[in-house]
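Enquirer: Output the structure for:
(chains A and B)
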Amino acid sequence: MAGRRLTRRHVLPWLGVPPLVALVLLFILPIIWMVSTSFQAGEKMYQLTTEWIPQVWHPENYPNALSRSAFPLFFLNSAIVSLAVMVGNVVFCTLAGYGLAKYRFPGDRFVLLAILSTLMLPMEVTLVPTFLIVHKLGWLNTYQGIFAPLLVDAFGIFLMRQFILRIPSDYIEAARIDGLGEFGILWRIIVPQCKSAIAVLAIFAFRDSWDQFLWPLVVVSRDEFRTYPLGLVRFGEDYGNPPTEQMAIAVLATIPVFVLFMLLQRFVKTGFGLSGLKG
Amino acid sequence: MQTQTETLSRCSALTRVRLSYRQRIRAWGIGFILPAILFFAFFKYGPMLWAFWLSFTSYDMVGTPRLVGFDNFTSVVHDPVFIQALNNTLVYIAGSTALITLIALLLALAVSQRVPGSRAYMSGMFLSNVMPIVAVCLVWRFLLHPHGLVNQMLSPLGLGRIDWLTDTSLAMPAIVGVTVWRFAPYFMVVFVAAIMAIPSDFYEAAEIDGAARWGRFRHITIPLIMPQVFFVIVVSALLSARIFLMPFLITGGGPGGATRVLSMLVYETGFSYMKMGRAAAISVALFAIALVFTVLQMRLFMRGEED
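Expert: Got it, this is the predicted structure:
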């Protein structure tokens, strides 16, 4: 009797495995398709059945794609812009989040509301005037023109504020009595306790900037400053460029984000659980 | 008497020193926030005001803006292309928000069952969120091709060739489908975190009281994750309002403008036709939509913070 119950309890959960695996497959099939297509011969794209494992592997799609257009440069441009956006968000959102969480001053609540209100002003809404500002600054076709309007995000500030609110103010008071300056408190007391929130902020800031399309499309018209999404779309529009090579670039573009998520996964888990925020 | 005044003056000196010390601390706090405030003033509120002003002008980047009163608004409102784009945007927001929330919740429930390897399923599904959005669009454009993978997989159902991207009534649902594929796993993680945070005693107590699986879900899980449900609805609506790249790359706004959304219309009007004033007037509509969801979101964020 006892033995039967034990096996039932052991077997039952496994019944949930096949449907879940099917569900996961549904989500990763397009990704597998992308990877497998990137190794296919160009003409296989137009077959009526999908050949999941290439009969003949064509790894040369990768170097061919990279040499057909200035993709190494486009990737470098994207990396420069995304790293700048990531650093900007980590620095400014941590500073502002700390200021809003642990300091009281007249109008502090209004400032918080004013910052959160900027969520109603995404780039898509302010596209025209932001373009005109960057144009007036002479920043069209420059790195700063691409990253400057993305340097601080209200969501990031809110995330950091919520996280820092949980740190007891007694720590801060104690550090003040010990003679630590305000910046020293931020650096030595707050930042070490916010690693997971900072990791979440860094990943999403990098990812969002790595994904940017509309803004670079508007401010960049010269090849030297083109980011990879612009290059990739243009590559597809040029007649004669095989879609398999386009997929090769798409795979290469996925790798940095994938690596970043793998490296910081540990932090993301806790950061996500605590915030559940950041869209 | 003398000692008393001495103590008093020392006291007041002390408070004065303390006050300025407090003020110094406060100045640091303001200093920490200042860069962000300046940034938002320059890149958010400034452009917002400029956009409002521009929307009353005619401006083509050559010469100076010319005030035209409400002309942009009246002509935009009577433009069937604008009405269609507004309609598309609202349909897209409603469709993708509803489906993202529902499917994210179902996925979260599936993953949080006691099944071996639940973390692995979560990570697997989350991969759709790791792929760059431009890659998502390019891949799905091929998958939704008449001879693409989607139709190949549906062929056992005998539906024949479905023109996902060139059929007026299917193009928008297809874009919504890609959006759900992209974002549902992301919001699933939010729901899983909330479900995992529910103490298991709640369920055990309900089980003892004889509550069935559905009853436990309806009376324990759902009420306890309601804040996250609202959060996901509002955030995905705000996200959907900004959609640009998916219709731009997958369908190019077609067929016949069936997937042209407001952000695309702003881009085309401003940067293809160089009508900056008119583009600003169209972006006011986008602003109004974003405003509604931002207000809802702020109420959500500030809940329980009323002093």
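Enquirer: where's the residue positioned nearest the centre of chain B, which helix or strand?
Expert: Using Cα atoms, centre = their mean, the residue of chain B that lies closest to the mean C-alpha position is B:L239, 2.3 Å off. According to DSSP states H and E, B:L239 maps onto helix B:226-241.
Enquirer: Report whether that helix contacts chain A.
Expert: Yes - contact of helix B:226-241 with chain A (Cβ under 8 Å from any Cβ of the partner chain) involves B:228, B:231, B:235-236, B:238-239, B:241. For every residue, glycine as well, the C-beta is placed using N, CA and C.
Enquirer: so which residue of the stretch 1-150 of chain A comes closest to chain B?
Expert: A:Y103 (2.5 Å; Cβ to the nearest Cβ).
Enquirer: Leaving out sequence neighbours, find the closest residue to that residue.
Expert: Setting aside the residues directly before and after it, A:Y103 is nearest to B:G29 in space (Cβ to Cβ, 6 or more residues apart in numbering or on different chains), at 2.5 Å.
Enquirer: Specify the local secondary structure of the one you found.
Expert: helix (DSSP: H, G, I helix; E, B strand; the rest coil).
Enquirer: residue contacts, it?
Expert: By Cβ atoms under 8 Å, 6 or more residues apart in numbering or on different chains, B:G29 lies in contact with A:99, A:102-105, A:182.
Enquirer: hmm, try it at 6 Å
Expert: A:99, A:103, A:105 (Cβ atoms under 6 Å, 6 or more residues apart in numbering or on different chains).
Enquirer: Go ahead and confirm A:G16 touches B:G117.
Expert: No - distance between A:G16 and B:G117: 9.8 Å, which falls outside the contact criterion (Cβ atoms under 6 Å).
Enquirer: now what about the helix or strand containing A:A197, what contacts it?
Expert: In this assignment (DSSP H and E), A:A197 forms part of helix A:195-211. Outside helix A:195-211, the residues within contact range by Cβ under 6 Å, 6+ apart are A:82, A:85-86, A:89-90, A:93, A:150, A:156, A:159-160, A:163, A:257, A:260, A:264, A:267-268, A:270-271, A:278, B:132-133.
Enquirer: residue boundaries of the helices in the stretch 101-250 of chain A?
Expert: Using DSSP state H, counting those that start in this stretch, the helices of the stretch 101-250 of chain A run over A:108-117, A:127-136, A:143-147, A:154-165, A:169-177, A:182-185, A:191-193, A:195-211, A:214-219, A:228-237, A:243-275.
Enquirer: The strand or helix carrying B:A285 vs helix A:108-117, what angle?
Expert: Using DSSP H and E, the element containing B:A285 is helix B:276-301. Counting by axes from the mean of the first three to the mean of the last three Cα atoms, to 10 degrees, helix B:276-301 lies at 130 degrees to helix A:108-117.
Enquirer: is helix B:276-301 up against chain A anywhere?
Expert: Yes - for helix B:276-301, a contact with chain A is found by Cβ under 6 Å from any Cβ of the partner chain, at B:276, B:279-280, B:283, B:286-287, B:290-291, B:294, B:298.
Enquirer: For that helix, enumerate the helices and strands it packs against.
Expert: helix A:127-136, helix B:46-54, helix B:71-77, helix B:226-241, helix B:262-267 (3 or more Cβ pairs under 6 Å, 6 or more residues apart in numbering or on different chains; DSSP states H and E).
Enquirer: Could you dump the ones you listed into CSV with distance to A:S169 added?
Expert: CSV is the format used below for the helices and strands packed on helix B:276-301 (distance: least, Cβ to Cβ, whole Å):
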stretch, distance to A:S169
helix A:127-136, 38
helix B:46-54, 35
helix B:71-77, 50
helix B:226-241, 25
helix B:262-267, 43
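Enquirer: Pick the most deeply packed of these.
Expert: Of these, the one with the most neighbours on average (mean count of other Cβ atoms under 10 Å in any protein chain shown) is helix B:262-267, at a mean of 25.
Enquirer: gap between that helix and the chain center?
Expert: Centre-to-centre, helix B:262-267 and its host chain are 17 Å apart (Cα atoms, centre = their mean, to the nearest Å).
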